[in-house]
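S.K.: what would the 3D arrangement of this be:
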Amino acid sequence: MTIRHVVMWKLAAEDAAVRAEQAAEVARRLNALGGVVPQLLSISAGANAAYPETNWDVTLVADFGSVADIDAYQVHPAHEEVAGYIRSVVASRAAVDFEV
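M.R.: As a prediction, this is how the structure comes out:
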């Protein structure tokens, strides 16, 4: 069984250029976790490319072997560092985890 972990963030910056820069940085930092966090089967993060008025700013799609692997990922030091940056720029978050 594989669990797909999908997270979307709206960033707090009101200036569109700043928000786009921060979204790119969030995606860069998340993608850098590939090969670092052993529980990650795959990871893909990206900044929104269309409809910024209505779409979320950044999305993460990551695959794990189990919910326990997601739990281990959440407390991995590299993820905690990235999460700290995300918390410093985010306004809201939505997530879903489902079997694929």
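S.K.: tell me if I'm right that L40 and L33 touch.
M.R.: Yes. Judged on C-beta atoms under 8 Å, L40 makes contact with L33 at a distance of 6.3 Å. Where C-beta positions appear, they are placed from N, C-alpha and C, glycine not excepted.
S.K.: for the residue nearest in space to the middle of the chain, give me its contacts.
M.R.: Most central in the chain under C-alpha atoms, centre = their mean is L60, positioned 3.8 Å from the mean C-alpha point. Counting by C-beta atoms under 8 Å, 6 or more residues apart in numbering, L60 touches H5, V6, V7, M8, L30, I43, S44, A45.
S.K.: wait, is the second one part of a strand?
M.R.: So the one you mean is V6. Yes. Assigned with DSSP: H, G, I helix; E, B strand; the rest coil, V6 falls within a strand.
S.K.: kindly provide the distance from it to E14.
M.R.: In this view, V6 and E14 are 26 Å apart by C-beta to C-beta, to the nearest Å.
S.K.: next: the fifth one.
M.R.: L30 sits at a distance of 23 Å from E14 (criterion: C-beta to C-beta).
S.K.: between the two, which one's more packed in?
M.R.: Set L30 next to E14 and count neighbours by other C-beta atoms under 10 Å: L30 wins out with 24 against 8.
S.K.: residues in contact with the helix or strand harbouring that one?
M.R.: L30 is located in helix 16-31, with elements delineated by DSSP states H and E. Here helix 16-31 makes contact (C-beta under 8 Å, 6+ apart) with 9, 11, 13, 43-48, 52, 57-58, 60, 82, 85-86, 89.
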